[in-house]
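Student: Sharing a sequence plus its predicted fold:
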Amino acid sequence: MKLQLVSKDKTNTKCSFIIDGAEYWYVNSLRRIMINEVPVLAIEDVEFRKNDSALYDEIVALRLGLLPLTTDLKTLNLKEECTCKGAGCSLCQVVFKLKEKGPKMVYAKSLKANDAKTKVVYPDMPIVKLAKNQELEFVATAILGKGEEHVKWSPCLAYYKYYPSIKIDNKKCSKDCKKCIESCPFGILEMKQGKVVVNQKKLLECHLCNACVDACPNDAIQIQEDETKHVFYLESWGQLSCKDIIEEAIRIFDNKLLQLSKQLKK
């Protein structure tokens, strides 16, 4: 199996890469692990000291739970795997405090954590608007969790598609026929020296929609899916970098296979 990086943004929260030499079940398993089993930090419990806002405690708590928090998997443990045996300690939870008085909009940046490494990913996300003399005060506890338990613990959006293979038989093409070029919504086909060719720089934009195949009156175009080659897209919500998500997903996958191997040897 070979991996080839296609693109990566400056913040390392979006990337795409090609997986060559792997079947769909492997790629899909990796995708599901990334979304559902890579743990991240999220607020789980909120103790309200005061809430005069227009929103019920439950609604404020829901908003707090959906705030993405930076996560350090090297120092934090899942609560059920921590040495404190679930009692709660600095190794498995982070405590946030907030105390604000209106009139003002309360933003996520007002949350103060007891761990300097943990911050709100998007500090300008609004929590609630306070009118004059309204107050909001609470203590919130964040723990590691998995997306299979609740979406607030899901670290990313991950999806893939088959690598497109486009073949053009120019011998069948009519002169000056550009129906296939005009039909492609992504401009993947172009005319060069009187021949219809594939723009290799845009090839990965092909969604295998077959619009060009349907538009061609002479059946000169064939589009096929390469079932052992996939284009994988990953977008982190910000708790972890793409690199961390991929590495943790592979570690979890390898551990699953190791556990299965041990059981088969019994």
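Tutor: Thanks, I have the structure now. Being a predicted model, the structure only gives us computed values, none of them experimental.

Student: Okay, strands next: where are they in the protein?
Tutor: All strands of the chain, identified by DSSP state E, fall at 2-8, 14-20, 40-51, 93-101, 104-107, 112-113, 126-130, 135-145, 156-168, 189-192, 195-198, 221-236.

Student: In CSV: those, plus mean pLDDT and mean neighbour count.
Tutor: For glycine as for every other residue, the C-beta is placed from the backbone atoms N, C-alpha and C. What follows is the strands of the chain, written out as CSV (pLDDT from 0 to 100; neighbours: other C-beta atoms under 10 Å):
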stretch, mean pLDDT, mean neighbour count
strand 2-8, 94, 11
strand 14-20, 97, 17
strand 40-51, 98, 19
strand 93-101, 98, 18
strand 104-107, 98, 16
strand 112-113, 96, 14
strand 126-130, 98, 17
strand 135-145, 98, 19
strand 156-168, 96, 17
strand 189-192, 90, 14
strand 195-198, 90, 16
strand 221-236, 95, 18
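
Student: Tell me which of these approaches residue 262 most closely.
Tutor: Residue 262 lies closest to strand 135-145 among those, at 25.3 Å (C-beta to C-beta).

Student: Let me see the domain layout of the protein.
Tutor: Domain assignment for the chain by automatic domain parsing gives 2-36+157-234, 40-153.

Student: Throw the strands of the chain into JSON lines and include distance to residue 75, thanks.
Tutor: Shown next, in JSON lines, are these (distance: least, C-beta to C-beta, whole Å):
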{"stretch": "strand 2-8", "distance to residue 75": "25"}
{"stretch": "strand 14-20", "distance to residue 75": "24"}
{"stretch": "strand 40-51", "distance to residue 75": "11"}
{"stretch": "strand 93-101", "distance to residue 75": "10"}
{"stretch": "strand 104-107", "distance to residue 75": "26"}
{"stretch": "strand 112-113", "distance to residue 75": "13"}
{"stretch": "strand 126-130", "distance to residue 75": "26"}
{"stretch": "strand 135-145", "distance to residue 75": "11"}
{"stretch": "strand 156-168", "distance to residue 75": "21"}
{"stretch": "strand 189-192", "distance to residue 75": "51"}
{"stretch": "strand 195-198", "distance to residue 75": "48"}
{"stretch": "strand 221-236", "distance to residue 75": "19"}
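
Student: Which among the ones you listed is found nearest to residue 78?
Tutor: Nearest of these (C-beta to C-beta): strand 135-145, 4.9 Å.

Student: Residue 99 reaches residue 139, doesn't it?
Tutor: No: assessed by C-beta atoms under 8 Å, residue 99 is found out of contact with residue 139, at 9.8 Å.
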